[in-house]
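**Q** the following block contains a protein sequence and its predicted model.
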Amino acid sequence: MPNLENLKKQAKLILRWHRERHYPVAAQIRGHLPRFLNMPDAEILAAGFKLGDAQELVARQQGFDSWQALKTGLSTTPKVKSSPSKATIIGAEPQLLVTDIKRSCEFFREKLGFSLVFSYGNPPYYAQVARDAARINLRCVERPVIESTLRDREELLSVSMTVATAEEIKLLFLEFQSAGVAFHQTLKKQPWGARNFVVKDPDGNLLLFAGPAN
């Protein structure tokens, strides 16, 4: 469970970013505070935003409805003091090279069910999309870095994402199929036991989705 003092500092940092009109924070505000849901970045950054708003945002990021609920939750959580023997990597964010940030964001949102975390630049040249625990960074380049026929022939994957059960990988495949997603490989059971399928994004990047066979 996060430390309350660190969360207080995080809220103050978010407040400062809003005051400085740091565009990536607008996406966080829109994604976690319902009253900002349908507002564009510029309007969010021009709107009134207080420390209490930033604290509510942090609380919602941690799974609580309010700052008070977060404080209560932290106070009732048993504290276990231990010193780690080594650092633990808790996440990884692959970066996709794309030629059109707006088009890629629309693909991930409308076809794959991701949400936009932030989009930076005008026109945008960097963005992040997320679904559940998966986060993908999108970086704009002028032209494809990998030749398309080579990528397809060698099946050069750009991202691998996994689900917990065989039922979930089937559900995910059917969801994408209904959305009209282009598949490089449809759902199949591999010789090593996994079930997976491969999606091709608008730039030809190959995205693997995998789950256990049973």
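**A** Perfect, I can see it now. Numbering: from 1, shown residues only.
**Q** most centrally placed residue in this protein?
**A** Ala130 (1.8 Å; C-alpha atoms, centre = their mean).
**Q** doesn't that residue fall inside a helix?
**A** No: using DSSP: H, G, I helix; E, B strand; the rest coil, the assignment for Ala130 is strand, not a helix.
**Q** report the contact partners of it.
**A** Phe114, Ser115, Val117, Ile136 (C-beta atoms under 8 Å, 6 or more residues apart in numbering). In this view, the C-beta of every residue, glycine as well, is placed from N, C-alpha and C.
**Q** among the residues you listed, which lie within helices?
**A** For the contacts of Ala130, not one is inside helices, with DSSP state H as the criterion.
**Q** any of the residues you listed buried? List them.
**A** Using 16 or more other C-beta atoms under 10 Å as the burial test, the contacts of Ala130 include Phe114, Val117, Ile136 as buried.
**Q** so the nearest residue to Asp203 once chain neighbours are set aside bridges to which residues?
**A** Among residues not flanking Asp203 along the chain, Val98 sits closest, at 4.8 Å (C-beta to C-beta, 6 or more residues apart in numbering). Beta-bridge partners for Val98, by DSSP bridges, are Cys140.
**Q** Val98 reaches Leu138, doesn't it?
**A** Yes: Val98 is in contact with Leu138 according to C-beta atoms under 8 Å; the separation is 5.3 Å.
**Q** need the residues touching each of those two.
**A** By C-beta under 8 Å, 6+ apart, Val98 and Leu138 have these common neighbours: Ser104.
**Q** which stretches of the chain form strands?
**A** Under the criterion DSSP state E, strands of the chain are mapped to 95-98, 115-121, 124-131, 134-140, 157-162, 183-189, 195-200, 206-211.
**Q** can you count the residues close to the closest residue to Phe49 other than its chain neighbours?
**A** Of all residues not flanking Phe49 in the chain, His18 sits nearest, at 4.6 Å (C-beta to C-beta, 6+ apart). Here the count is done by other C-beta atoms under 10 Å, and His18 has 23 residues near it.
**Q** ok, Phe209 next?
**A** Neighbour tally, Phe209, other C-beta under 10 Å: 22.
**Q** where does pLDDT dip in this protein?
**A** Applying pLDDT under 70 to the chain picks out residues 1-2, 77-84, 90.
**Q** quick check: domain ranges of it?
**A** According to automatic domain parsing, the chain comprises the domains 4-75, 95-140, 148-211.
**Q** just send those domains back as a markdown table, with distance to Lys86 too.
**A** Output for the domains of the chain, formatted as a markdown table (distance: least, C-beta to C-beta, whole Å):
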| stretch | distance to Lys86 |
| --- | --- |
| domain 4-75 | 21 |
| domain 95-140 | 22 |
| domain 148-211 | 24 |
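**Q** quick one: closest of the ones you listed to Ala87.
**A** With C-beta to C-beta as the criterion, Ala87 lies closest to domain 4-75 of the domains of the chain, at 16.9 Å.
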